[in-house]
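A.B. asks: Coordinates only, no sequence provided:
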């Protein structure tokens, strides 16, 4: 069977159960970052790798500095999703030999700019030739306090669902320039008990069902409430992907207070879009998000 | 200027000086692994990323399980070069959608087999489509005791140079099936003071000058002593690359004792091939190793 027919979720479901585990792994594959025990009182280590591929995540005409920014910002967004503090990055550049040195230097400038902005040090890396499209792979390590990490699986029926920023049409340039919501996520877990959280990389349409599935609940969404960028249809807001905003679930008892304090602290919008339900169903006509390999 | 004209060493020399640093980074880019401070008494954390690319490091006809083994074994070999203990791996699979699922499952079996063999847990990863050759990227974290890590830059004039195993013609299948010398490296640093060490990935011809350069010394090699696989010329032993054996420098005062105890402990050959010199020159006609992008 070809990968094209399978999609990422089903591919991972085939590959991951065969992995060995040990007690040092707090949270393995399937969430935004891996969480591993590190013997420093009160902290877990976070590990995340991500890659962007020319022709898939950027084009030959994309500005290389923005491409570098995106390559670093994507795994940073996964750190935000776990309320983690990133510390070190490893960068692999897999670039055809015909590419201009100047392109590569601008790419690296973007990588470094994103790293610096979020307090990350590029500690090492690797380069390789490829007879094909360029690939940039970034791995991050960092930490999160044991009482502050947030996975996807802690959502409860009746929890309110909130989304930062606006969604849709990211491919009109935003996907190369987005801001990982690390500061916002750290603020959230400092002030409130966040039951479940993830970053929206494949679109709310694909990602919300993942959060609900991991939490073993269903969801309802007030479609009119979904915050959209100007000119976006609901379907675009749900399905375009690459929003890199935070989606999280909190108790209805704290939602009003959270929204009030958020408005005082952050200029970024925060919108209640629906809630989790006991019945494990999704709304009718819920659109698919972007699925890899398809 | 095209990357093709530059080569990896010169490319990195252009990119790396611009990186920011902080005091948590003990050893940044340029050695086998990055070494970062982690607040556990007595230990540093090691970080390494590596990738293999179809058409460069393996072919469409290579057995996928062996390809997976190689993808994991390469960064493990870098851990050996620092005398490190690997713990966690992140795996990125960048694979064209037309590839068979069966190929990907066999690839993963090889990755997992190598990880398990060396006590490593695959803690997470990522998959992506590519319109081109497959790329497998593996990042490793682990640790090394503060008094046991070995970089490339501690070699001293008169140090003896030793090499494990035999060199040359790795591309006749060995490059897909090699054994990272982690156990041997751990034994070496437990018993002896190893001044400088690295793993031979680009060939002794390219790698020995890197060790000498990092240590600010020159080197002399007894060409007849270079251990070669059956049927290999000296030039092949120096230039083919992908040997993944250890090259290290020790004081001449301990070499005889080290060789004697090694023979009792390990079936693997260990050969004295030359020594480091005060004069920072390399032998005449020293051949180049494999250089990326060329």
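C.D. replies: Thanks, I have the structure now. Given the structure is predicted, the values throughout are model-derived calculations rather than measurements.
A.B. asks: any idea how far stretch A:191-208 is from the chain center?
C.D. replies: A distance of 8 Å separates the centroid of the chain from that of stretch A:191-208, by CA atoms, centre = their mean, to the nearest Å.
A.B. asks: what about it, near chain B?
C.D. replies: No. Applying CB under 8 Å from any CB of the partner chain, one finds stretch A:191-208 out of contact with chain B, separated by at least 10.7 Å. No exception for glycine: its C-beta is placed from N, CA and C like everyone else's.
A.B. asks: Give the buried residues for that stretch.
C.D. replies: A:192, A:194-208 (16 or more other CB atoms under 10 Å in any protein chain shown).
A.B. asks: Run a quick neighbour tally on whatever residue of the stretch 1-150 of chain A ends up closest to chain B.
C.D. replies: In the stretch 1-150 of chain A, the residue found nearest to chain B is residue A:132; the distance is 2.6 Å by CB to the nearest CB. Neighbour count of residue A:132, defined by other CB atoms under 10 Å in any protein chain shown: 20.
A.B. asks: where's it, which helix or strand?
C.D. replies: Following DSSP states H and E, there is no helix or strand that holds residue A:132.
A.B. asks: How about it: what's its closest non-neighbour residue?
C.D. replies: residue B:132 (2.6 Å; CB to CB, 6 or more residues apart in numbering or on different chains).
A.B. asks: I'd assumed residue A:94 was in contact with the one you found.
C.D. replies: No. Shown here, residue B:132 and residue A:94 do not form a contact pair, counting by CB atoms under 8 Å, at 10.1 Å.
A.B. asks: Now do the shared contacts for those two.
C.D. replies: residue A:130 (CB atoms under 8 Å, 6 or more residues apart in numbering or on different chains).
A.B. asks: follow-up on the earlier one: out of the buried residues of stretch A:191-208, flag the one nearest to chain B.
C.D. replies: Among those, and counting by CB to the nearest CB, the member closest to chain B is residue A:201, at 10.7 Å.
A.B. asks: which residues does the closest one contact?
C.D. replies: A:74, A:77, A:207, A:241-244.
A.B. asks: what about it, which SS state?
C.D. replies: coil (DSSP: H, G, I helix; E, B strand; the rest coil).
A.B. asks: Which neighbours in the sheet does the host helix or strand of residue A:137 have, and how are they oriented?
C.D. replies: Using DSSP H and E, residue A:137 sits within strand A:135-145. In the sheet, strand A:135-145 lines up against strand A:43-53 (antiparallel), strand A:85-94 (antiparallel) (DSSP bridges).
A.B. asks: Stretch A:56-76: which residues count as buried?
C.D. replies: Neighbour-count burial for stretch A:56-76 [16+ other CB under 10 Å]: A:56-58, A:62-76.
A.B. asks: Out of those residues, list just those in helices.
C.D. replies: A:64-76 (DSSP state H).
A.B. asks: hmm, back to that, okay but the residue of the stretch 1-150 of chain A closest to chain B is in contact with residue B:134, surely?
C.D. replies: No. With contacts counted by CB under 8 Å, residue A:132 stays clear of residue B:134, the gap being 9.4 Å.
A.B. asks: beta partners for residue A:100?
C.D. replies: residue B:2.
A.B. asks: Residue A:58 now?
C.D. replies: Here residue A:58 sits in beta bridges with residue A:54, going by DSSP bridges.
A.B. asks: which ones are touching it?
C.D. replies: A:52, A:66-67, A:70, A:176.
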